[in-house]
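[1] Predicted coordinates and the sequence they were generated for:
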Amino acid sequence: MIHFFYLTPMPPKHLVFAVLSLAVFAYSGDNTLTYGGQTYKTVKIGKQVWFAENLNYEAEGSVCYENNPDNCAKYGRLYDWETAMKVCPKGWHLPSNAEWDQLFRFVDGDTSSKSPHKSLTAGKHLKAASGWDINGNGTDYYGFSALPGGNGLSDGSFYNVGEKGLWWSTSEHVFAFDSDLFVHYNAYRRNMHCYGNSIYFDYASKSSLYSVRCLQDWGTNAITHANAITYANKTYQTVKIGTQTWLAENLNYEAEDSVCYENNPAYCAKYGRLYDWETALKVCPKGWHLPTNEEWDRLFRFVDGDKGTESPYESKTAGKHLKAVNGGWRKYNKTYDGNGTDDYGFSALPGGARFSYGSFKNINDVGYWWSASDDKFFAAYIRIIGCFNANVHWSNEDKYRLFSVRCIKD
């Protein structure tokens, strides 16, 4: 027998709840994760999994409200947009307008499609039960626990703590000058306040400082994380995809005949180092190696569900599922976002390359990875993923050129 009961107050259209597994109510707040030495609660709302608190990860481009650490401890840090885009932990990301809309529509019981979605009621059920000025607290019905962290400006001024919560979206406010040229000036934010239950949207300068809520990547449940490894004092995440175990990031081991893109250490930190082929063959840690063509083929065929045998294998779809969600991939045009879905945790990044005469090219546009397979002369195989489509290509390239390395477990 299923027993029904009513919860008061009640969000619109969520009227009757089953005690057992048929419950519509989707609040599940038992999970936590640790990032940057701090443990965060997470909550499942509908089909999404969110941080149940604002991010408080110290990074360049972030501050505490009025530079007071007590405000960071209570409300989380405030971030500029560029920092917000990359500050969430692996497997999580800054939400887009569509993802914010999905949350608010679930709370509202709304089935419309206009975006961005303005809600007149969701704020009441998403705001924390304390911490808002002027009796502006919510019911925190879903465990989202939204807090009024205020905002900062690039001139060092701060406003609205206790009154407003403002959160970044990945979505940009775009002005079109012609059919192909887009200039991105601002980014969207979502706003709650203590004066009512509405949730608004607007856009602001990317140099403004707002709160960050991280959302779990779509498809994260398909990711099987293996044990992290430490190599030359750097810790690398690893991931199991099918029967293979890969490093979940590009190698960043300093060796002779390796460089940072444009000799800038910041690029090494984000994209890993670039290696010539002879160095790539021997640079992986003990128990790991540079993948052969056959091993690359097996990865892409697993993602595609392909049973063929032709090698090297060229995929028309695997790139989308292997590229990082917010990995710096350039937006190719108004219809194709260069980022991927990272369904398997591979987190491919566009590290570019160094070609002849020391020229560096294609950072943010293309990722190139060496294969251990060569033509027995002057060239070796590489695999290529670009910002312009979902394909994975292959090519033969001069062994003296410098590309990224992904190591696979022996």
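    Perfect, thanks for sending it.
[2] what is Leu402 paired to in the beta sheet?
    Using DSSP bridges, the bridge partners assigned to Leu402 are Arg354.
[3] Touching, it and Val259? I think so.
    Yes - Leu402 lies in contact with Val259 (C-beta atoms under 8 Å); the separation is 6.2 Å. No exception for glycine: its C-beta is placed from N, CA and C like everyone else's.
[4] who's more crowded, those two?
    Using other C-beta atoms under 10 Å, the more surrounded residue of Leu402 and Val259 is Leu402, with 24 against 18.
[5] and the more buried one, how far is that from Cys260?
    10 Å (C-beta to C-beta, to the nearest Å).
[6] what touches both of Leu402 and Val259?
    Residues touching both Leu402 and Val259 by C-beta atoms under 8 Å, 6 or more residues apart in numbering: Leu274, Arg354.
[7] between Leu402 and Cys260, what contacts are shared?
    Joint contacts of Leu402 and Cys260 (C-beta under 8 Å, 6+ apart) are Leu274.
[8] Could you report the neighbour count for Arg298?
    Neighbour number of Arg298 under other C-beta under 10 Å is 19.
[9] Quickly list what the closest residue to it other than its chain neighbours is bridged to.
    Counting by C-beta to C-beta, 6 or more residues apart in numbering, Arg298 lies nearest to Gln244, which is 6.5 Å off, once chain neighbours are set aside. In this entry, Gln244 is beta-bridged to Ile241, by DSSP bridges.
[10] Need the pLDDT of Val107.
    At Val107, the model reports a pLDDT of 89.
[11] Give the closest residue to it in space, chain neighbours not counted.
    Nearest non-adjacent residue to Val107, counting by C-beta to C-beta, 6+ apart: Ala122, 4.1 Å away.
[12] How many residues are close by Lys118?
    With other C-beta under 10 Å as criterion, Lys118 counts 13.
[13] show me what contacts the residue nearest to the spatial centre of the chain?
    Geometric centre of the chain, nearest residue: His93, 3.3 Å, by C-alpha atoms, centre = their mean. By C-beta under 8 Å, 6+ apart, the contact set of His93 is Thr170, Cys214, Leu215, Asp217, Val325, Asn326.
[14] how close does it get to Trp168?
    11 Å.
[15] residue boundaries of the helices in this protein?
    Taking DSSP state H, the helices of the chain run over residues 69-75, 81-84, 97-108, 122-126, 265-271, 277-282, 293-304, 318-322.
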